[in-house]
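> Test case, fold it:
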Amino acid sequence: MLLTIARRAPTTSCARLSLRGFASSHNFPAFPSDVPTHPLLVVDYARIKAGDKAEIDRLWEAATTLGFWYLKNHGADAEAEAMFQMGEEVMRLPLKEKMKFEQGDNGNSFGYKAAGANATDAAGTRDTVEFINIAKDDALAYPVVARRTYPRPVVKAMPTVVHPFVRKSVDVNSTLLATLGERLGLPKDSLQRRHSEAEHSGSEARVIHSLPLTPEEREARKAIGAHTDFGSLSFLHNRLGGLQVLPPGSERWQYIKPLPGHAICNLGDAMALFSGGILRSNIHRVVPPPSFQADLPRWSLVFFTRPGNGQILRALTDESPIIRDAIEAKRAQGEDVSAYDTGSTAFDWFARRIRNQRMNNRKGPETWLASRGTEGRTEDAIPEV
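Okay, the predicted model is just below:
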């Protein structure tokens, strides 16, 4: 039987807000000033669209160092706000109703996931978040059902809320990917073909909700375990802290501070592989928010852009001399570059990782390790601090 997280009475007056109206409220307590954070570069999307060279250089720096950055002037705030409101309606449904649309254990991501359905580490610690995933293919094909059906609040909001958010997110991510593709020396249509709207993919919008934990549980449990993202580019809208990154060369997790009016973008496995390791898919996790924010329900919203299901994940050395030179440099230094030719389609890569996170599929630590991506580290090597 699926384990879910019990609903507890919050411990602060601010946390006494009901589920209704909380995700879309802007009256959140500020991120605590005494919590160490990792700085991110701020990229101006309007300037990227205008072809501003200095801004493109800033995006390139962010993408090749940490693989995370803040994005301002993206124009999706109103669409994100409406998605949070829709997500509240979904999460208010009885669990029995939500489970009719559960994503299942066969590697499918679309649909509802209850808290406790996934492992967050090799020991099998259960996750603490529930979320609803909506396929890009369904949002753009509505009223045609392209991939699956969804709870009534999603269906009701599909034309007026979900479609506009997905459309805006696809356009933002496509622009950023095209910009990075040009700097990689790829043909103009190379990444576009690999992320064609005409081909079904794992691209999806996700509204995430987690309830506050007891102080004891905060020490032992994570919302989402350490991982790299499955796809190409993630477009995240946070309401509270909780996102942490493990910077290259560091053994200490660091919070990413949410900034009002700024999304957080990060690259995933596909772009690390396509680029021959030039672009970084960095390891990260989600833990309870810091300090007094931990007493509040946490909401976030993300759109994941992933390659078309049939696209092979490999370094595009035949399309870019820059990528070819990067692979040759690694080989000359004695690095095993075979990992940059996975032989796997995007569909198989994604389904493997989803399937092996599921607690119902767990056989032991090896199941969790089989869910890993480009981070290339064993669970024992990932610090807890």
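
> Let me see the ranges of the strands in the stretch 1-150 of the chain.
Taking DSSP state E, counting those that start in this stretch as the test, the strands found in the stretch 1-150 of the chain are 42-44, 68-72, 111-113, 130-135.

> Give me the distance from the helix or strand bottoming out on mean pLDDT in the chain to the chain's centre.
When the helices and strands of the chain are scored by mean pLDDT, DSSP states H and E, helix 215-220 comes last with a mean of 72. When C-alpha coordinates are averaged (C-alpha atoms, centre = their mean, to the nearest Å), helix 215-220 and its chain have centres 24 Å apart.

> can you dump the C-alpha coordinates of that helix into CSV?
The C-alpha coordinates for helix 215-220 follow below in CSV (Å, rounded to 0.1, in the frame of the first residue of the first chain):
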residue,chain,number,x,y,z
PRO,A,215,11.5,18.9,13.4
GLU,A,216,12.5,15.2,13.8
GLU,A,217,11.3,14.3,10.2
ARG,A,218,13.1,17.3,8.8
GLU,A,219,16.4,15.8,9.8
ALA,A,220,15.7,12.4,8.2
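
> who's in contact with that helix?
Thr125, Thr128, Val287, Pro288, Ala294 (C-beta atoms under 8 Å, 6 or more residues apart in numbering). The way it works is simple: take the backbone N, C-alpha and C, and place the C-beta from them, glycine included.

> try it again with 6 Å
The contact list for helix 215-220 (C-beta atoms under 6 Å, 6 or more residues apart in numbering) reads Pro288.

> For it, buried residues please.
Across helix 215-220, burial judged by 16 or more other C-beta atoms under 10 Å covers Arg218.

> Same question for stretch 164-180.
Buried, per 16+ other C-beta under 10 Å, within stretch 164-180: 164-166, 168-170, 172-174, 176-180.

> To Arg280, which of the strands of the stretch 1-150 of the chain lies closest?
Among these, the nearest to Arg280 by C-beta to C-beta is strand 68-72 (8.6 Å).

> That closest one: how far from the chain's middle?
The chain centroid and the centroid of strand 68-72 are separated by 14 Å under C-alpha atoms, centre = their mean.

> So which bits of it are buried?
In strand 68-72, counting by 16+ other C-beta under 10 Å, buried: Phe68, Trp69, Tyr70, Leu71.

> go on, stretch 186-195?
By neighbour count with 16+ other C-beta under 10 Å, stretch 186-195 contains the buried residues Leu186, Ser190, Leu191, Arg194, His195.

> Tell me the one of these nearest His237?
For the buried residues of stretch 186-195, the residue nearest His237 by C-beta to C-beta is His195; the value is 20.8 Å.

> Return the residues in contact with Asn73.
Asp44, Tyr45, Ala46.

> and the last one, what does it touch?
This means Ala46. Asn73.

> Next one: it from Gly181, what distance?
Noted for Ala46: a distance of 20 Å to Gly181, by C-beta to C-beta, to the nearest Å.

> Now do the helices in the stretch 151-300 of the chain.
Ranges of helices within the stretch 151-300 of the chain are 152-157, 163-183, 190-194, 215-220, 269-274, based on DSSP state H, counting those that start in this stretch.

> For my notes, please list the ones you listed in TSV and give distance to Asp121 for each entry.
Below are those laid out as TSV (distance: least, C-beta to C-beta, whole Å):
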stretch	distance to Asp121
helix 152-157	31
helix 163-183	29
helix 190-194	32
helix 215-220	11
helix 269-274	19
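
> Mind checking those helices for the one nearest to Gly373?
Judging those by C-beta to C-beta, what sits closest to Gly373 is helix 269-274, at 4.4 Å.

> Not counting its own residues, what contacts that closest one?
With contacts defined as C-beta under 6 Å, 6+ apart, helix 269-274 is touched by Thr228, Phe230, Gly231, Ser232, Leu279, Ser281, Pro307, Leu313, Leu316, Tyr340, Gly373, Thr374.

> Mind checking which of these are in strands?
The strands, defined by DSSP state E, take in Leu313 from these.

> Using CSV, lay out the contacts of helix 269-274 together with neighbour count and distance to Tyr255.
Formatted as CSV, the contacts of helix 269-274 follow (neighbours: other C-beta atoms under 10 Å; distance: C-beta to C-beta, whole Å):
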residue, neighbour count, distance to Tyr255
Thr228, 22, 18
Phe230, 25, 23
Gly231, 25, 24
Ser232, 32, 25
Leu279, 24, 23
Ser281, 25, 20
Pro307, 31, 30
Leu313, 23, 30
Leu316, 23, 34
Tyr340, 23, 31
Gly373, 21, 22
Thr374, 24, 23
